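**Student:** got a predicted structure plus its sequence, pasted below:
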Amino acid sequence: MNKTLEASLFFTGTIIGAGVLGLPYVVEKSGFLIGLIDIILIGLLILLISLMLGEITLRTKDPHQLPGLAEKYIGKKTKHLVTFFSIMQIYGALTAYVQGCGDIWSLLGISPVLAKLLFFIPFAAITYFGIKGVEEGTSIFVPLIIFSILIISVSSLFYFNPANLTKVSPSNFLMPIGVTMFAFSGIFAIPQMKEILWLEKRKLKNSILIGFFIPFFLYIFFVFSSIGALGEEISEVATISLGIHYGPFFLIFGNFFAFFAMATCFISLGNALREVYNQDYGINKYLSFIFALFPSLIALTGVSTFTQILSLTGSLFIAPLYIIVVYIFYKIKKIGERKPEYELKLPYFSLLLIGFVFLIITLLVSFNTLFLT
């Protein structure tokens, strides 16, 4: 496979996961127009952060995950802070994937605990084999994910009711933001994309752009079609509602999409966390594997609601990481180790503004999710 496409699909596969399943629910609560604005603005900000991190990795000679980059350019204390946020974000995501799979497959009569284990065991095994296993897994799963979400979205249009898109609820404008942050969280893939493109680093920028815009437009289409079909009848996992209201076709393709979307993100993020422990903390590969994946089995005991997990993970743990990426980006312009294959020209004021936006998101959305929902 072409390396640009391979790296792009890797990024796409890391982004598309449980978040897209929860987006229609929170967007419907605010109204489609408000939710669409949230998706576009937050999405483009995260794309900018992704390109910043891409430049950071290209200015660095050796391979490092985000905590290692933070230590190199800011200091050991920041490395530990980034590690905490990274670990909590990834654990939140992995737990959501295990939990969401149990919720979805239990519709077919499988016990939630068994469904979660049937999801965890094979994809933990793929992750065990490292970046090669992840590359091979995502190159298979991502085209299936894209195909499935397109089929679901197009089929939903047959039940489309324009009145379902007219709702506007300004008081709920914060609701989509945390889940949107989660849904677009794929920056942990970027250092791994550099590994995939090690001999063709000049292709990293295009790979980031392609890999991001695939889910960006898919999300908008999926939210538009599923809210148009369901309106206020939509549940926290949109594919479940489509299956319940419109029959086995949606149940089959909805589960198909959800399963492979979560599987792809599970192995990608699981591998990223395994490499944090192994590359940045020097823990042997066997313990790194255990530390990275097995905490997600807390989902076997039952957790908070699906969208609460997504929203809190997005606002509490992902937004602060973006602020740190902005600061590393500012510093690396002066102390980078090599000339990058691409360079962003961003004035200092814009970096301050981006950091401030993510700080406000952390405070407001976390408070709203914890105390007002």
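**Tutor:** Good, I have the coordinates. Numbering: from 1, shown residues only.
**Student:** looks like Leu344 contacts Ser50 (just checking).
**Tutor:** No. Leu344 is beyond contact range of Ser50, at 10.9 Å (criterion: Cβ atoms under 8 Å). C-beta coordinates here come from the backbone N, C-alpha and C atoms, glycine included.
**Student:** looking at these two, which is more packed in?
**Tutor:** Ser50 (24 against 14; other Cβ atoms under 10 Å).
**Student:** which element, helix or strand, includes the more buried one?
**Tutor:** Element membership for Ser50 (DSSP states H and E) is helix 32-58.
**Student:** for the helix or strand that that helix is followed by, which outside residues touch it?
**Tutor:** Beyond helix 32-58 in the direction of the C-terminus, DSSP H and E gives the next helix or strand as helix 66-73. Identification of contacts with helix 66-73 by Cβ atoms under 8 Å, 6 or more residues apart in numbering yields 53, 56-57, 60, 64, 78-83, 86, 187-188, 191, 276, 279-281, 321, 324-325, 328, 331-332, 335.
**Student:** what's the answer for stretch 153-162, then?
**Tutor:** Contacts of stretch 153-162 (Cβ under 8 Å, 6+ apart): 218, 221-222, 224-226, 228-229, 231, 242, 245-246, 249-250, 253.
**Student:** most neighbours out of the residues you listed, which is it?
**Tutor:** Busiest of these [other Cβ under 10 Å] is Ser226, holding 31 neighbours.
**Student:** look up the closest residue to that residue, ignoring the ones flanking it.
**Tutor:** For Ser226, ignoring the flanking residues on the chain, the nearest one in space by Cβ to Cβ, 6 or more residues apart in numbering is Pro24 at 4.4 Å.
**Student:** residues in contact with the one you found?
**Tutor:** Per Cβ under 8 Å, 6+ apart, neighbours of Pro24: 222-223, 226-227, 230, 234, 238.
**Student:** switch to 7 Å and redo it
**Tutor:** Contacts for Pro24 (Cβ atoms under 7 Å, 6 or more residues apart in numbering) come out as 223, 226-227, 234, 238.
**Student:** pLDDT of the one helix or strand it maps to, averaged?
**Tutor:** Assessed by DSSP H and E, Pro24 sits inside helix 18-30. What helix 18-30 shows for mean pLDDT is 90.
**Student:** and the angle for that helix with helix 32-58?
**Tutor:** In terms of direction (axes from the mean of the first three to the mean of the last three Cα atoms, to 10 degrees), helix 18-30 departs from helix 32-58 by 150 degrees.
**Student:** now do helix 18-30: distance to the chain's middle.
**Tutor:** Taking Cα atoms, centre = their mean, to the nearest Å, the mean C-alpha location of helix 18-30 is offset from the chain mean by 14 Å.
**Student:** got the buried residues for that helix?
**Tutor:** With burial defined by 16 or more other Cβ atoms under 10 Å, the residues of helix 18-30 counted as buried are 18-30.
**Student:** for stretch 192-212, same thing?
**Tutor:** Neighbour count says stretch 192-212 has 192-194, 196-197, 201, 203-205, 207-212 buried, by 16+ other Cβ under 10 Å.
**Student:** restricted to strands, list these.
**Tutor:** Among the buried residues of stretch 192-212, none falls in strands (DSSP state E).
**Student:** the residues you listed: which two are farthest apart?
**Tutor:** Using Cβ to Cβ, those reach their maximum pairwise distance at Lys201 and Phe212, which is 18.0 Å.
**Student:** quick one: contacts for Ala7?
**Tutor:** Contacts for Ala7 (Cβ under 7 Å, 6+ apart) come out as 193, 196-197, 203, 207, 211.
**Student:** between the residues you listed, which sits nearest Leu269?
**Tutor:** Nearest to Leu269 among these, with distances taken as Cβ to Cβ, is Met193, at 13.7 Å.
**Student:** other SSEs contacting the lengthiest helix in the chain?
**Tutor:** For the chain, the helix with the greatest residue count under DSSP state H is helix 76-105. Packing partners of helix 76-105 (3 or more Cβ pairs under 7 Å, 6 or more residues apart in numbering; DSSP states H and E): helix 18-30, helix 66-73, helix 112-128, helix 248-275, helix 306-312, helix 319-335.
**Student:** which residue ranges form the helices in the stretch 101-250 of the chain?
**Tutor:** For the stretch 101-250 of the chain, helices defined by DSSP state H, counting those that start in this stretch occupy the ranges 112-128, 130-156, 175-183, 189-196, 204-230, 238-246, 248-275.
**Student:** now Ser241: closest residue in space that isn't a chain neighbour?
**Tutor:** Ser235 (4.4 Å).
**Student:** from Ser288, how far out is Arg274?
**Tutor:** 5 Å (Cβ to Cβ, to the nearest Å).
**Student:** more neighbours: those two, which one.
**Tutor:** Between Arg274 and Ser288, counting by other Cβ under 10 Å, Arg274 is the more crowded of the two (26 against 19).
**Student:** low-confidence regions, the protein specifically.
**Tutor:** By pLDDT under 70, the weakly predicted segments of the chain are 1, 105, 107-108, 130-141, 302-304, 370-373.
**Student:** center of it, which residue is that?
**Tutor:** In the chain, the C-alpha nearest the mean C-alpha coordinate belongs to Ser185, at 3.3 Å (Cα atoms, centre = their mean).
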